[in-house]
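Chemist: Below are the sequence and a predicted model; questions follow.
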Amino acid sequence: MPRAHRLFLPLAFATLLSAAPRRAVGTTHARWWDLGHRVVARLAEPRLTPHTREAVRDILGGQSIADASVWADNIRQYRHDADRLHYVNIPLGDAVYDPVRDCPHGQCIIAAIEHDRRVLADAGTSPEERAEALRFLIHFMGDLHQPLHVADDGDRGGNSRTVIFLGHPTDLHKVWDGELIDSSGLSQADYVEYLLGRMQSLDLRALERGTVVDWAMEGHRIAAEHAYRLPADGHIGRAYLEANRPIIDHALIAGGVRLAKVLNDALAGYRPGSAAAAPATPGIYTDREAAAHLGETATVVGTVAAVFRAKKGTVYLNFGADYPHQTFTAVALAPAPSWTAGLDSLVGRQVGVHGTIASYRGRVEIVLRGREQILPPADAHSTSKSRLNR
């Protein structure tokens, strides 16, 4: 059944708030969806062979494995076809995975990982398909090691199980998605360093062994023996936190070690440079690629499908399709300056938008501060190169 997919945990792609007014959004504490995925990726990276490391760089067009790890959550609102691929509903009271019952029509994380491994290993895969499969695989290997993504007690993997965690109301899935991790107080860099230290005393070769099903059932046992062992009143305190923090640490380590193993195996036959997925010009991406490059200052090229003007003056240029199915949005914030008056003429035209690619409430966008950020397609490549090389 559907559940909120955060990771170790979540994702979102390109859609835009329509008439809802924009306002400053307060910073929320780190969730496993971001911190956990990035930690898993960073733990995997030093275990990649030189060949795999070069292959990953080639396929992702230079994007880091850590940045790629959160792509699948960043496109979630756009790619609903992948919603069921972030988890598998293995009943908590069952100790055996039944693909007919738990993964109907191949719609679960176990089948998705196996599919993406095959895509990566297939020499006939197109660059676009290979890049997408790699980004999904990196993410799903993190999700697989969040115990409540592989177990269900009739509560949507804990999403419907209300608990009180350290005095505040939440749900069990959120606790394991990130609140246990967040309670450590460590930055991403410090957490990675701490876990790398712990790895020195572990048998990492033993962690590599097993199948995707074995790894899923390992998480299922953790859910049954630890995550769902709750006080009758649902109040989770320090005792629960201290008992389960080492469990989370070990799951992150296992996720990193196994991600490296899966990538080394799947990409063993890949020839870097043979079908690179990098854009023809660095710093220029299509509207569909923008979500994979959050935080970069670049040029996004695509066709304007619609222009929407909110009552308070904000102007939205939706690319690829009209709201809510757009792939990317360029936004001129209210009060709209005079230069936005002619933007309606761009509908149906291919243009480039230059600026910093950002995510606003899960929607991928560039904020427009001047008309000069909108480039005719013929100028997009040269203008982007000159600006990026300053």
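Modeler: Sure thing, it's come through.

Chemist: How many residues are close by Q200?
Modeler: Neighbour count of Q200, defined by other C-beta atoms under 10 Å: 7. Backbone N, C-alpha and C define where each C-beta goes, glycine included.

Chemist: residue nearest the centroid of the protein?
Modeler: V70 (2.4 Å; C-alpha atoms, centre = their mean).

Chemist: For that one, which non-adjacent residue is spatially closest?
Modeler: Excluding the flanking residues, the one nearest V70 by C-beta to C-beta, 6 or more residues apart in numbering is H37, at 5.3 Å.

Chemist: I'd like the distance from the helix or strand harbouring the one you found to the chain centre, please.
Modeler: In this structure, H37 sits in helix 37-44 according to DSSP states H and E. Its chain's C-alpha centre and that of helix 37-44 lie 12 Å apart, by C-alpha atoms, centre = their mean, to the nearest Å.

Chemist: next one: stretch 286-294
Modeler: 13 Å.

Chemist: neighbouring contacts of it?
Modeler: Outside of stretch 286-294, the residues that reach it under the criterion C-beta atoms under 8 Å, 6 or more residues apart in numbering are 13-14, 60, 63, 67-68, 71, 74-75, 78, 131, 135, 279, 285, 300-303, 319-320, 327-328, 357-359, 364.

Chemist: now swap in stretch 186-204 and tell me
Modeler: Against stretch 186-204 from outside (C-beta under 8 Å, 6+ apart): 35, 38-39, 42-43, 46-47, 181, 184, 249, 252-253, 256-257.

Chemist: picking that back up, sort out for me which of the contacts of stretch 286-294 are in strands.
Modeler: 285, 300-303, 319, 328, 358-359, 364 (DSSP state E).

Chemist: filter those residues to the buried ones?
Modeler: Among these, those buried by neighbour count (16 or more other C-beta atoms under 10 Å) are 285, 300-303, 319, 328, 359, 364.

Chemist: Of all pairs in those residues, which one is the farthest apart?
Modeler: Greatest spatial distance among these (C-beta to C-beta): T303 and S359, at 21.4 Å.

Chemist: follow-up on the earlier one: surely the residue nearest to V70 touches F140?
Modeler: No: look at H37 against F140 with C-beta atoms under 8 Å: they stay out of range, at 10.1 Å.

Chemist: More neighbours: which of the two?
Modeler: H37 (33 against 27).

Chemist: Show me the shaky parts of the stretch 201-350 of the chain.
Modeler: 272-282 (pLDDT under 70).

Chemist: Make JSON lines out of the buried ones among the ones in strands among the contacts of stretch 286-294 and add distance to G197.
Modeler: Below are these laid out as JSON lines (distance: C-beta to C-beta, whole Å):
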{"residue": "Y285", "distance to G197": "37"}
{"residue": "V300", "distance to G197": "40"}
{"residue": "V301", "distance to G197": "44"}
{"residue": "G302", "distance to G197": "45"}
{"residue": "T303", "distance to G197": "50"}
{"residue": "F319", "distance to G197": "45"}
{"residue": "F328", "distance to G197": "41"}
{"residue": "S359", "distance to G197": "32"}
{"residue": "V364", "distance to G197": "36"}
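
Chemist: And these, which is closest to P169?
Modeler: S359 (26.8 Å).

Chemist: Tell me the bridge partners for that closest one.
Modeler: V364 (DSSP bridges).

Chemist: For it, give me its contacts.
Modeler: Neighbours of S359 in contact, by C-beta under 8 Å, 6+ apart: 12, 74, 291, 294, 365.

Chemist: ok, now R369?
Modeler: G355 are the contacts of R369 under C-beta under 8 Å, 6+ apart.

Chemist: Over to it: give its phi and psi.
Modeler: The phi/psi pair for R369 (degrees, to the nearest 10) reads phi -110, psi -10.

Chemist: where does it land on pLDDT?
Modeler: R369 is assigned 93 on the pLDDT scale.

Chemist: What are the boundaries of the helices in the stretch 1-150 of the chain?
Modeler: 37-44, 50-59, 65-68, 71-74, 99-102, 109-121, 127-143 (DSSP state H, counting those that start in this stretch).

Chemist: mind giving me a markdown table with those and columns for distance to D203?
Modeler: Formatted as a markdown table, these follow (distance: least, C-beta to C-beta, whole Å):
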| stretch | distance to D203 |
| --- | --- |
| helix 37-44 | 15 |
| helix 50-59 | 22 |
| helix 65-68 | 24 |
| helix 71-74 | 30 |
| helix 99-102 | 30 |
| helix 109-121 | 23 |
| helix 127-143 | 20 |
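
Chemist: Could you check these and tell me which one is nearest L85?
Modeler: Per C-beta to C-beta, nearest to L85 of these: helix 109-121, 4.0 Å.

Chemist: ok, the contacts of S359 vs A227, which is closest?
Modeler: The closest of those, once distances to A227 are taken by C-beta to C-beta, is A12, at 25.1 Å.

Chemist: now the strands: where do they sit in the stretch 151-300 of the chain?
Modeler: Counting by DSSP state E, counting those that start in this stretch, the stretch 151-300 of the chain has strands at residues 162-165, 168-171, 235-236, 284-286, 297-309.

Chemist: Can you add distance to L196 and give those strands back as JSON lines?
Modeler: Shown next, in JSON lines, are the strands of the stretch 151-300 of the chain (distance: least, C-beta to C-beta, whole Å):
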{"stretch": "strand 162-165", "distance to L196": "28"}
{"stretch": "strand 168-171", "distance to L196": "30"}
{"stretch": "strand 235-236", "distance to L196": "29"}
{"stretch": "strand 284-286", "distance to L196": "32"}
{"stretch": "strand 297-309", "distance to L196": "31"}
